[in-house]
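Asker: Here is a sequence with its predicted model. Questions after.
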Amino acid sequence: MELAQVVPKMTKLYLHRTLESVLKDVRRPDEAAARELILKNRDALADRERIRRKLDFLDLSYDVRVVAELVLETLLNQQEYALTEDELIGAVEEREHAIVAEARQEDALVFGDQAALSIYRDVLAAAWKKGGDLNPDEAFVMKTLADRLGISSHETRLVEAQLGRFPTSEGSAHSPRLVDEALKQLQLRGLVLRYRDGDKTAYAVCEEVAAPLRTELGIELRGGAFRLLLGTLSNPMLQRALKHHGLSPYGSKDELIDRVLAARLRPSEVLQAVSNDELYGLLRRLPKAPVSGSKPTRIQNLIAYYDQLVRRETRADEDPRTIAYAYLPELARRDYVQLRGLQVIEKDLDVEHLFERGTHYLFEVKLGHKAVRMEGSEHPDGKLPLPRGEVILWDNKSCEGAYPMAEAALDQFKRYIRSERDRVTLFIVIAPEFTGDAPTRAERLKLESGEDTDVALITAEELKWLAEHWTEYRKADEQPFNLSVLDYTGRLTTEQLKSRLRWAQQ
């Protein structure tokens, strides 16, 4: 999220914390003035040297420092660099459990420099022996030693866990008080912003701060994007990268990828083993990816391409249509950069088919209304039967830009409506967006349908919002979705959906 998106959602106390992280001896202004000052000083907030200084957590207790580091790591691996408070706390706890579980494995540090790890472990154990926390000077010495020995922050956490000093110095889970203190310290440093997301408290690293912060922390790719990139490399490329770093180059492709990830090699380190010509070939297969430049430039272009992909989680054991549903807005607007990069499609022709499949999943699974199978080729993309002997039809229209509801489309839709045996009470057009005159054309189609059929124009993003949020408006868990919510002529926006849900579901 950009700073301008977050600041309007911040209240006075948290605005002042952010403002005071960049301006010294500033009087505490009112909310409006504070917002204006923060936006005016965005360059100072994002200054890399300032961020480097604010990342010095050595004056904090070990426990607060660890939580602060985990919070930053968690937020910087989110697509929008933001989570609600509950999501953030849950993700940090999950990360802590994962580190403890990894530390217990026999091969937990197998890819590290064993001599360096042995020295670090012995010195750290001696430092902890006196009991209590490490003071700032001791913490500085241990950090310096880790840096000189080439031991990563993740490896230091594993060693601490093996010594019984992680997640906290007592080896226990972090308390809510420690989490609150860590979040406060990050706000006072201007690294994390606290704001309101509807009725929930949320935290974000703004886009302007995230870029230099990721550079300082060495985070080149977020979440599962690295595994996705590794999947595009050939076995010989992966084997060369592993061999260069002294790791076994043998095994299946999945085993090679797992080894790269377990060794915590950076994307740029892996891609150094790929020739410049091979990098050109990898980039050329990606829509709109820049292919020219030196080898370092091509490496950065490839990393940047995968970093901007919006990856959505789906489980392998779920209905296979969930992937199409997850990327419904991208399918609607034919976002080939995302769809090809994320391997949702293999060829451009896959878009239409998957757009239809994702919409069927939405109506059948998310909204709970079974679609009717239609025979032949001259028919809309979906049909829902109604108890009173009428039907709802829908048609998917993917395009790069706004859908115009042209004359040919109006004629096509009229044929669909008139060829139905049962009365069509509603015809839904689903597109990425609509031209300004599309609602007028929807009114015209209603008049010319011959059946007074309502014609609702809804974007794939708005329809997906409905699928994800309609249950928040129903009185009881067993209450079904009321299809009357969609019974409308013209542009059916999210705000209109909210209004209609209030009366239809309650």
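Answerer: Looks like it arrived, so ask away.
Asker: Any idea what the closest residue to Lys9 other than its chain neighbours is bridged to?
Answerer: Of all residues not flanking Lys9 in the chain, Tyr195 sits nearest, at 3.9 Å (C-beta to C-beta, 6 or more residues apart in numbering). For the C-beta atoms, the positions are set from N, CA and C on the backbone; glycine is no exception. Residues found in beta-bridge contact with Tyr195 (criterion: DSSP bridges) are Ala202.
Asker: try Thr84
Answerer: According to DSSP bridges, Ala202 are recorded as the beta-bridge partners of Thr84.
Asker: ok, it - contacts?
Answerer: Contact criterion C-beta atoms under 8 Å, 6 or more residues apart in numbering gives Asp197, Lys200, Thr201, Ala202 as the residues in contact with Thr84.
Asker: In PyMOL, how would I select just the buried ones from those residues?
Answerer: Selecting the buried subset of the contacts of Thr84 in PyMOL, with 16 or more other C-beta atoms under 10 Å as the burial test, is done by:
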select buried, resi 202
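Asker: for the contacts of Thr84, which one is nearest Ser169?
Answerer: Thr201 (27.6 Å; C-beta to C-beta).
Asker: ok, the closest one to Ala82 distance?
Answerer: With the distance defined as C-beta to C-beta, to the nearest Å, Thr201 ends up 12 Å from Ala82.
Asker: ditto for Asp197
Answerer: Counting by C-beta to C-beta, the separation of Asp197 from Ala82 is 8 Å.
Asker: Also Arg177?
Answerer: Here the distance between Arg177 and Ala82 works out to 23 Å (C-beta to C-beta).
Asker: Return the list of strands paired to the lengthiest strand in the chain, each annotated with direction.
Answerer: Of all the segments assigned as strand in the chain under DSSP state E, the longest by residue count is strand 424-431. Each strand that pairs with strand 424-431, with its direction, by DSSP bridges: strand 391-396 (parallel), strand 454-459 (parallel).
Asker: Now do the helix or strand following it against strand 454-459, angle only.
Answerer: Going down the chain from strand 424-431, the next helix or strand is helix 438-448, by DSSP states H and E. Angle of helix 438-448 versus strand 454-459, following axes from the mean of the first three to the mean of the last three C-alpha atoms, to 10 degrees, is 160 degrees.
Asker: in helix 438-448, what counts as buried?
Answerer: Of the residues in helix 438-448, those buried under the neighbour-count criterion (16+ other C-beta under 10 Å) are Ala438, Pro439, Arg441, Ala442, Leu445, Lys446.
Asker: I'd say the fifth one and Gln412 touch.
Answerer: Looking back up the chat, that one is Leu445. No - with contact defined as C-beta atoms under 8 Å, Leu445 does not count as touching Gln412 (10.4 Å).
Asker: Gly251 - how many residues pack around it?
Answerer: For Gly251, the tally of surrounding residues (other C-beta atoms under 10 Å) stands at 15.
Asker: Double-check that it belongs to a strand.
Answerer: No - according to DSSP: H, G, I helix; E, B strand; the rest coil, Gly251 belongs to no strand; its state is coil.
Asker: element containing the nearest residue to it once chain neighbours are set aside?
Answerer: The spatially closest residue to Gly251, leaving aside those adjacent along the chain, is Arg259, at 7.2 Å (C-beta to C-beta, 6+ apart). Under DSSP H and E, the secondary-structure element containing Arg259 is helix 253-262.
Asker: Now do the buried residues in the next helix or strand after that helix.
Answerer: Of the helices and strands lying after helix 253-262 in sequence (DSSP H and E), the nearest is helix 267-271. Judged by neighbour count using 16+ other C-beta under 10 Å, the buried positions of helix 267-271 are Pro267, Glu269, Val270, Leu271.
Asker: related to what we said a few turns ago, comparing the strands paired with strand 424-431, which comes out most buried?
Answerer: Mean neighbour counts were compared across the strands paired with strand 424-431 using mean count of other C-beta atoms under 10 Å; the top stretch is strand 454-459, at a mean of 24.
Asker: Show me how far it is from its chain's centre.
Answerer: Here the centre of mass of C-alpha atoms in strand 454-459, compared against the chain's by C-alpha atoms, centre = their mean, to the nearest Å, lies 29 Å away.
Asker: tell me the mean pLDDT for it?
Answerer: In this model, strand 454-459 has an average pLDDT of 97.
Asker: do stretch 386-397 as well
Answerer: Over the span of stretch 386-397, the pLDDT mean works out to 93.
Asker: Could you do stretch 415-425 as well?
Answerer: pLDDT averaged over stretch 415-425 gives 93.
Asker: starting at the chain centroid, how far to that stretch?
Answerer: Here the centre of mass of C-alpha atoms in stretch 415-425, compared against the chain's by C-alpha atoms, centre = their mean, lies 41 Å away.
Asker: Then stretch 181-201?
Answerer: Computed by C-alpha atoms, centre = their mean, the chain-centroid distance of stretch 181-201 equals 19 Å.
Asker: could you measure Leu23 against Val205, distance?
Answerer: For Leu23 relative to Val205 (C-beta to C-beta), the value is 20 Å.
Asker: and the residue minimising distance to the centre of the chain, what pLDDT?
Answerer: Note on the chain: the residue nearest the mean C-alpha position is Gln79, at 3.1 Å, using C-alpha atoms, centre = their mean. In this prediction, Gln79 carries a pLDDT score of 79.
Asker: can you give me phi and psi for it?
Answerer: Backbone torsions of Gln79, given as degrees, to the nearest 10, read phi -60, psi -40.
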